[in-house]
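>>> quick one, fold the following:
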Amino acid sequence: MLIHGSMIKVIIAIAIMSSSLWAAGVTLKASSSEVIEGGGIDLQIVADGSDIELPEIDDIGGFPVEGKSVSTKLESSYVNGSFSSKNIKTLSFRFFPETDMTIPAFKVKIDGKTYSTKKLPIKIVKASEIKSQSANGYLMSMSSDKKSVYTGESFVVTVNFFEPRSSSVVKVEYTAPKFKNFFSKTLGKEKLLRSARGTIHKLQYLLTAKKDGNFTIIPPKARVGIKDFNGANRDPWGFFSNDIKWKSVRAKSLTMVVQPLPSEADLIGDFKVSSSVDTTKAKANSPVSYTINISGDGNLEDIADPKFDLPGVTVYADDAKTSSSVVDGKLKSKYERKYVFISDQSFTIPSFTFRVFDYKKKQNKKLRTKRFNIKIDANASPKIANTKTISKATTAGKSRTKTEVADKDRDILEDHKYYQNMAIDNKQEYGVLYIAIAYIAGILSMLLFYIIKSKLKGTKIRAITKHNYNDKEALEILYPHINESSKIESMVRKLYTKSRGDKSVNIDKNELTKLITEVKKENR
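Below is the predicted model of the structure:
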């Protein structure tokens, strides 16, 4: 059926008249007028009209609003032969009241006129007053094991999120607390505490105050997505395509009082310290292991590692191992660091002092490690001999070079060159010449072999020398030369760590052979 143009104009005119006759208005919608302690309220200001100006809202009664959004839609209807339409504009937001209060009236300007929403009283219901948990009984709390701390003192913040047993949670969007002015670390993983009423999700944070003052910890919050079995998309059995209803919940904020330390301190808490060595007597250039242990009540995460600078002693240190846990409501910490000292002369590992402030007794004290005198037996493990040319001698009118041992303490059994040199010295002139000719002939034969081989394969001449050293042999060879280069020092550390049973250490055999070859070449 065709509609005449004049009829279309009449319909449009009726629509315009109907929309103007539809009275403009504004309403305030709230998810609830009673809020469980720590919970939030979702609010909507809904206005309809042609020209709508919504209010700017940053807080309600001093509590900041969150998640603000604005939506607009055109709603039309045809009732009893009359066609009508209107613009609907909605401002949505949420806030978390912490005390009983009244939400004030909000003013909205619609088509040049000012309209107001109705006031809405809000009541806070304490969690202890709830006798039974319903599907909406989600709770979140935040607490601290201390109300006042010193600068550098640590405390534990616990966040609990309660999920009732009868709930049908699809998703939880958790936002952690904000720890401005504090160093923070998560203590372990989330813990689940189940009961007949529901499940408590527990998270713990270790905090350390950076400076003194009064500071507010911004609380955690969560958006809980719950299956809505009565939603518009519900299937006949309620299993598939269900709508999701979102509920917001947040804990109360915390205020911490941080006092300045009465004096400087390395540690804050109640601790014990101990130190030990694996031996007080060792061979020259043999490792001496030294360990420092600290344990007690308080935080050891930020402790400054002790450093040792001993003349003539090489010191290696492993990374410190620190752990923290909460036992019976108290923060327990442990610290361990291991060192290795290497020297060819006797030395002393000095005592190390930690300045400690005991916040329980409010007094200062000092903790000292034990001092150890390490005796080195230099004759038990002599150094690798260094040889040098110091003079020339003449036999039967011929000149030759004589090699003499520079280190008198050298054990000749460790110097395979010694007997070769002695043999050369004792041979007659023809014997020396014979050995020299044979040596040169051998070199020429080998070079000729590589030249022929390279031509056949089209490759360059490359001498390949390979020797397989086990870790113990390599350690004994490289130890005396740890101060000669950073590469040797790094390799010695790897070899020592592997010799202590650490199978995760990988030794580059090519690099090891190269370093040993260089060391032996320099000491010829």
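>>> pull out the buried residues from stretch 54-62.
Using 16 or more other C-beta atoms under 10 Å as the test for burial, stretch 54-62 gives 54, 57, 60. All C-beta atoms are positioned from the backbone trio N, CA, C, and that covers glycine.
>>> quick check: mean pLDDT of that stretch?
On average, the pLDDT along stretch 54-62 is 90.
>>> can you give me the end-to-end distance of it?
20 Å (C-alpha to C-alpha, to the nearest Å).
>>> quick one: the helices in the stretch 201-350 of the chain?
Counting by DSSP state H, counting those that start in this stretch, the stretch 201-350 of the chain forms no helices at all.
>>> give me the below-cutoff pLDDT ranges for it.
229-242, 329 (pLDDT under 70).
>>> which stretches of it form strands?
Here the stretch 201-350 of the chain has its strands, by DSSP state E, counting those that start in this stretch, at 213-217, 221-228, 243-250, 254-259, 267-277, 281-283, 288-298, 314-317, 321-327, 330-342, 347-349.
>>> helices and strands around the last one, which ones?
In other words, strand 347-349. Counting contacts by 3 or more C-beta pairs under 8 Å, 6 or more residues apart in numbering; DSSP states H and E, strand 347-349 is packed against strand 372-377.
>>> how close does the residue nearest to residue 281 when sequence neighbours are not counted get to residue 252?
Sequence neighbours aside, residue 375 is the residue nearest to residue 281 in space, at 5.0 Å (criterion: C-beta to C-beta, 6 or more residues apart in numbering). Residue 375 sits 63 Å away from residue 252, going by C-beta to C-beta, to the nearest Å.
>>> of those two, who's got more company?
residue 252 (14 against 11; other C-beta atoms under 10 Å).
>>> for that one, phi and psi?
Residue 252 adopts backbone torsions of phi -80, psi 150, taken as degrees, to the nearest 10.
>>> how near is it to residue 184?
19 Å.
>>> cool, residue 113 as well?
52 Å.
>>> so residue 157 touches residue 182, yeah?
No: using C-beta atoms under 8 Å, residue 157 makes no contact with residue 182, being 9.0 Å away.
>>> what do the two both touch?
Shared contacts of residue 157 and residue 182 (C-beta atoms under 8 Å, 6 or more residues apart in numbering): 207, 217.
>>> burial count for the nearest residue to residue 32 once chain neighbours are set aside?
Excluding the flanking residues, the one nearest residue 32 by C-beta to C-beta, 6+ apart is residue 41, at 6.3 Å. By other C-beta under 10 Å, 21 other residues sit near residue 41.
>>> got it, and residue 361?
9.
>>> spit out the contact partners of it.
Residues near residue 361 by C-beta under 8 Å, 6+ apart: residue 270.
>>> so for it, what's the pLDDT?
85.
>>> do the same with residue 389
Residue 389 is given a pLDDT of 28.
>>> ok, the residue nearest to residue 32 touching residue 35?
Yes: using C-beta under 8 Å, residue 41 makes contact with residue 35 at a distance of 5.8 Å.
>>> now the most centrally placed residue in the chain. Nearest residue, chain neighbours left out?
With distances taken as C-alpha atoms, centre = their mean, the chain has residue 185 as the residue nearest its mean C-alpha position (8.4 Å). In this structure, residue 185 finds its nearest non-sequential neighbour in residue 206, 4.6 Å apart by C-beta to C-beta, 6+ apart.
>>> so how far is residue 189 from the one you found?
Here residue 206 is placed at a distance of 14 Å from residue 189 (C-beta to C-beta).
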